[in-house]
Each structure stands twice: as structure tokens, then as C-alpha cells.
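Novice: quick one: sequence plus predicted model below, questions after.
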Amino acid sequence: MTENIHPMAPEHLPYFFASADGTDSLFTNMTFLTIGVIVLLGVLYFTLHSLPERMAHKGNATQLQLISILCILALFTHNNVFWVLALVLAAFRPPDFVTPLNTMAQSLQRIANREQRGD
């Protein structure tokens, strides 16, 4: 079966023209390419967005919760300040002020108990 070409049509048509049966290969390819690029950009965005939370899993629970809240705020408000703050909090460990204070309190408690017993 030969293809019926209109007598006014040129001899050679570019490949991106729609064929007589209605299929448009360029449109189909560009649709799949566009959807693929959008999905890949979304995956890249959310992977980059979750970076502070993945870094904070090594820290304590309070720090992880604070970083998670900042990341969610950054996601929904599109304020990069929250994300940068979460990244800084995840990268640097806060100093531990509680352990030395607890140690001092325990030492003072032992001294007070000794004085009460009369040692």
C-alpha cells in the first residue's frame, strides 16, 4: 500500500511533521521528556531539601525536632532562611551545657549529704 501524498506537498517533509494517521512523534517524545525532567527536578529538590534532616539523625532528639520544624517551615513558606538555619544547626553540634551542670549538682549533693551525716 502506498501512502497518498497531496499533489501540492513537497517531495521531502521534515520528520517532525505529523503523519497522515495523526501520530505526532515529536510531540509524544517531548511530552515524555518534559514529564521526566519535571519528575527528576522534583526528586532533586526534595532530596536537597531533606539534607539537614539526614545530617541531624546523628544528633540528639531535640535538635532533630527543631531541624525538622525548620525544614517544614522552609518547604511551605519558601523562605530559604529557615532551610539555611536548619542546615547550620545540623552541621554544628550545640555545646553541652547540661552535663557539666548535672555533674556539679551531683557533687554538691554528695558534699551536702556528707555534711549532714557529720563525716
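Specialist: Perfect, thanks for sending it.
Novice: how about the helices of the chain, start to end?
Specialist: Along the chain, the segments classed as helices by DSSP state H run 25-49, 51-56, 61-77, 80-91, 98-117.
Novice: got TSV for these, with mean neighbour count too?
Specialist: Glycine gets a C-beta too; all of them are placed from N, C-alpha and C. Conversion of those to TSV gives the following (neighbours: other Cβ atoms under 10 Å):
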stretch	mean neighbour count
helix 25-49	11
helix 51-56	18
helix 61-77	15
helix 80-91	17
helix 98-117	10
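Novice: need those in CSV (columns: mean pLDDT and distance to P7).
Specialist: Compiled in CSV, these are given as follows (pLDDT from 0 to 100; distance: least, Cβ to Cβ, whole Å):
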stretch, mean pLDDT, distance to P7
helix 25-49, 93, 25
helix 51-56, 88, 63
helix 61-77, 88, 60
helix 80-91, 90, 62
helix 98-117, 88, 90
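Novice: the most centrally placed residue in the chain: what's it in contact with?
Specialist: When the chain is reduced to its mean C-alpha position, the closest residue under Cα atoms, centre = their mean turns out to be H49, at 2.2 Å. Listed by Cβ atoms under 8 Å, 6 or more residues apart in numbering, the contact partners of H49 are C71, A74, L75, W83.
Novice: repeat that for D24.
Specialist: Contacts for D24 were tallied using Cβ under 8 Å, 6+ apart; they are A18.
Novice: how close does it get to L66?
Specialist: From D24 across to L66, the span is 52 Å (Cβ to Cβ, to the nearest Å).
Novice: same check on A74?
Specialist: Between A74 and L66 the distance, using Cβ to Cβ, works out to 13 Å.
Novice: if we can go back for a sec, quick check: of the contacts of H49, which lies closest to A18?
Specialist: Within these, distances to A18 taken as Cβ to Cβ reach their minimum at L75, with 41.6 Å.
Novice: alright, calling it a day.
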